[in-house]
Structure formats: C-alpha cells, structure tokens
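K.L.:
Turn this into a structure:
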Amino acid sequence: MNHINQLIHHHYPEGVIHRSLSELADYSSSRVDAADLDDSSFVGVDNLVADKRGRVDSTYSPNTARLTAYEQGDILIGNIRPYLKKIWLADRSGGCSGDVLAIRIRSHMRSEMDSEFLYYLLSSDRFFAYDMQHAKGAKMPRGSKEAILAYQVPVPPVAVQREIVSILDTFTELEAELEAELEARKQQYEYYRTGLLRSTKDAQIRVLGDIAEFRYGLTARAADGGSYRFVRITDILANGKLAPTDAKYVDEVGPLQDYLLVPDDLLVARTGATYGKTMLFESEEPSVYASFLIRLRFPGAEILPRYYWHFAQSRLYWDQANSLVSLGSQPQFNANVLKLIKVPVPSLGEQRRIVERLDAFDALTSDLSVGLPAELAARRRQYEYYRDELLSFRELGVGL
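P.N.:
Reported below is the predicted structural model:
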C-alpha cells in the first residue's frame, strides 16, 4: 500500500484523474456467426456465474444466427438483474447473447487503461450498486447501457494499475485455493451422501407422486415491503437454502391463504437453468411462494421432509431429474415430471440417523460459521476490504 501511495503521489500529488467509462471503452460492435461458436465460446447470461465467479460452459445453443463478438481482454457483464453481479474478464474470443454486455477498451486508450484493472473496478460492489440504481424494470431489472458508460472510473498511472492488479491477483489466488479445497470437501460429502442413501438396507423405493402433495405457486407483483415474504426461484441458493438477502414481499391476504408456507415445506424450481433445485423452508417469517416453484408436502408419516431434502441434493435425485426434464431454451420440470422421481424410503429411525449424519457434513461444507466456509467467508471479506481500499482514489481537484 505504501509503495502504491508513493507512486500515486509522485505522478498525481493533487489527486487522480477520473473519466467516464465511455471515454475509455465502448460496447463491442463486431459480430460473429453462431455456427462458429461452441459451448466454451458462446456466453449467455445463464452461464455467467453470480457473485463475480466468472463463467461456465454453456448448456444450450444461441437462438440467433449472429451475435455480438467478444475478444480476449473484453469484460462481459450480465445485464439482467445486476444485483446477481455476473462479470467475466474474457480469456478467449467468442460471441455473447444480447443480455450480456461486452465492454472493450478503445484502442487509443489501451496505453492508459489496463484491462485487468478495469475488470477489478467493474467487479466492485460499488459498480454493481450503481448499476442497480440506474436499472430499469421491477420484475426483471436490466442495467442501463447509457448509465454504465457514464460511470466514473479512476485512471491512475498504468504502473499503479498493474501493481494493484498484482496484489488483487494474489488475493484471488489465495481465495481460489480455499475454494478448491472446499470443492474437494463437497465432492467427498456428495460421495458419502450418495453411498449412505443408496446402501440403506430396509428402504422401499417409492414414487414421489404416491407419497407427496404438489401445488404450483402464486402469480403476483412483488414489492420491497409487505406482510408476506414472496419466495421466488432466485431465492433458492445453490446449496438448497433460502437466500437471506434481496427479499421481496406481497400484501394481499385473501388469495394468499392457499400459498402460505410452513416450516418443513419443500420448494422445487420448475423452469429455467435452476430446474429441479430443491429448498427446505425453515423460516418462521410469514411467506408465500411464486409460480415458478412447486410446493411439496408429505401428508403421511412415511418420510421426513429433511430426509427428502438431503435426497434431493444427491446424485440419486439429479440423475433422474436430468433424464426427465424437458430441455429447450427454457428447461421445464413440472409436477407431472416430478411425480416420477423414485425415492428410497427407509424406516423413520433410519431416516433420522441419515439426517443427523448428513446435517453434520452439510455444516462442514456450507455453514458460514464453522470450518472452511467460515475461513473462506472471512477471506472474502478481507479481500473486499482491501480491494475497496486499493481502488479508491481522490479525484483530481476534489477535496483539496
């Protein structure tokens, strides 16, 4: 930090020049044929990973013949629901859908702006908060392309930019090592979970349609406040838990009675890239659920909801779900399909034993208060703090 401060003071003792993003970069105007792309070069908004986690290979094909082309060094940002913080610094060339913005540094500015430095600026929480502030639409907010280009960017000397990139890369590598270790632990957990569920000797194989009740959710307009939390498909996290933030609400009382959630209800995503994802509702907050979700209840005493939730996270469930889903531009996993899922159902005593063991493993891989998840969360908080510090510059002529 001292070295960076010395560099800044040497070059800009009175502050750092800030420029609008439009002075430094623009959206890609080049095009590419969809036929020239494959799973690793096509980028749709669904295969940009939330929370600044880059990209994964696409599982679907482009739906247009010509797409926006991107190049190595371009910065790709998901323009739907900016609060998801989807961003990737391209390490290859390819094409992206219309819901992805490809930001490219202007050729004459590349001597003044390092692409990795700009990526770190645009992956900051400060930028995404700005993006959401100017987004349009309530149900499916989209970032304003004009406002994004108006975003003010500090332009310290390139030597300073590269020094900051080097420091932040080190933090990123340390975080990646912890993530890799946690992923290995999760794979170990998955192996153990599948083996435990599969090896239960007294289990009967039951079809879900014979033991569960199904109900689709409510179509309603969500708001930032109201009497009932409105649980949406985006509120189910990857680990099958309810998202603690970005809650939406509804206020109508009469029509909501049939859609009220109680603890131990299960919610299943029935469409889109998140199809099949299952959450066990454990909140005491008055809540209802949205139309793209299916509520499961077990009216008899044959199966514990938490046992089913563990089953629905396992390969035993996902191998069936992936073979039954109706694929397309929007995969469909409706109640008629869900009813075909086969579930191993042992005695209640055996279910409780399995739940106890799997809960312990689940805490080690997803509980932010213990073990590797806690260490990774602490490292990320530290990283965010230092990134904000490193990317904050007094603007030239301001605050003198």
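K.L.:
From now on I want contacts and neighbour counts done on CA atoms only, so please keep to that.
P.N.:
Fine.
K.L.:
Run the chain-centre distance for stretch 118-133.
P.N.:
16 Å (C-alpha atoms, centre = their mean, to the nearest Å).
K.L.:
in that stretch, what's buried?
P.N.:
Buried residues in stretch 118-133, counted by 16 or more other C-alpha atoms under 10 Å: 118, 119, 120, 121, 122, 123, 124, 125, 127, 128, 131, 132.
K.L.:
So which of these are in helices?
P.N.:
The members of the buried residues of stretch 118-133 that map onto helices under DSSP state H are 118, 119, 120, 121, 122, 125, 127, 128, 131, 132.
K.L.:
ok, which stretches of this protein are helices?
P.N.:
Counting by DSSP H, the segments of the chain that form helices are 2-11, 21-24, 115-122, 125-133, 145-150, 158-198, 208-211, 305-312, 315-324, 335-338, 348-366, 371-390.
K.L.:
would TSV of the ones you listed with mean pLDDT and distance to residue 108 be doable?
P.N.:
Below are those laid out as TSV (pLDDT from 0 to 100; distance: least, C-alpha to C-alpha, whole Å):
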stretch	mean pLDDT	distance to residue 108
helix 2-11	60	21
helix 21-24	96	9
helix 115-122	94	13
helix 125-133	93	24
helix 145-150	96	17
helix 158-198	80	14
helix 208-211	95	62
helix 305-312	95	53
helix 315-324	92	48
helix 335-338	91	55
helix 348-366	85	46
helix 371-390	68	25
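K.L.:
Which among these is found nearest to residue 264?
P.N.:
The closest of these to residue 264 is helix 305-312. By C-alpha to C-alpha, the value is 5.9 Å.
K.L.:
Show the pLDDT at residue 239.
P.N.:
Listed pLDDT for residue 239 reads 80.
K.L.:
distance of it from residue 272?
P.N.:
The gap separating residue 239 from residue 272 is 17 Å, by C-alpha to C-alpha, to the nearest Å.
K.L.:
Have a look at these two and say which one is more surrounded.
P.N.:
The neighbour comparison of residue 239 against residue 272 (other C-alpha atoms under 10 Å) goes to residue 272, with 17 against 14.
K.L.:
wouldn't the more buried one be in contact with residue 334 here?
P.N.:
No - with contact defined as C-alpha atoms under 8 Å, residue 272 and residue 334 do not form a contacting pair (11.3 Å).
K.L.:
give the contact list for the residue most central in space within the chain.
P.N.:
Most central residue of the chain, judged by C-alpha distance to the mean C-alpha position with C-alpha atoms, centre = their mean, is residue 50 at 2.9 Å. Residue 50 makes contact with 84, 85, 86, 87, according to C-alpha atoms under 8 Å, 6 or more residues apart in numbering.
K.L.:
Could you pick out the buried ones from those?
P.N.:
84, 85, 86, 87.
K.L.:
Per-residue confidence at the first one, what does it come out as?
P.N.:
The one in question is residue 84. We have a pLDDT of 91 for residue 84.
K.L.:
residue contacts, the spatially closest residue to residue 317 that is not a sequence neighbour?
P.N.:
In space, residue 317 comes closest to residue 311 once its chain neighbours are excluded; the distance is 6.3 Å by C-alpha to C-alpha, 6 or more residues apart in numbering. With contact set as C-alpha under 8 Å, 6+ apart, residue 311 has these partners: 197, 317, 343.
K.L.:
any idea of the pLDDT on residue 137?
P.N.:
On the pLDDT scale, residue 137 is placed at 85.
K.L.:
Tally up the residues packed near the nearest residue to residue 230 once chain neighbours are set aside, please.
P.N.:
The spatially closest residue to residue 230, leaving aside those adjacent along the chain, is residue 249, at 4.8 Å (C-alpha to C-alpha, 6+ apart). Applying other C-alpha under 10 Å, we find 21 residues neighbouring residue 249.
K.L.:
what do you get for residue 39?
P.N.:
So residue 39, with other C-alpha under 10 Å, has 14 neighbours.
K.L.:
Apart from its chain neighbours, what residue comes closest to it?
P.N.:
If the residues on either side of it in the chain are set aside, residue 39 comes closest to residue 58, at 4.8 Å by C-alpha to C-alpha, 6+ apart.
K.L.:
didn't that neighbour look like it was pressed against residue 40?
P.N.:
Yes - Residue 58 lies in contact with residue 40 (C-alpha under 8 Å); the separation is 6.6 Å.
K.L.:
Looking at the two, which has the bigger crowd around it?
P.N.:
Set side by side, residue 58 and residue 40 show more neighbours around residue 58, with 18 against 15, by other C-alpha under 10 Å.
K.L.:
how far away is that one from residue 273?
P.N.:
Residue 58 is 11 Å from residue 273, by C-alpha to C-alpha.
K.L.:
Same check on residue 166?
P.N.:
From residue 166 over to residue 273 the distance is 35 Å, taken as C-alpha to C-alpha.
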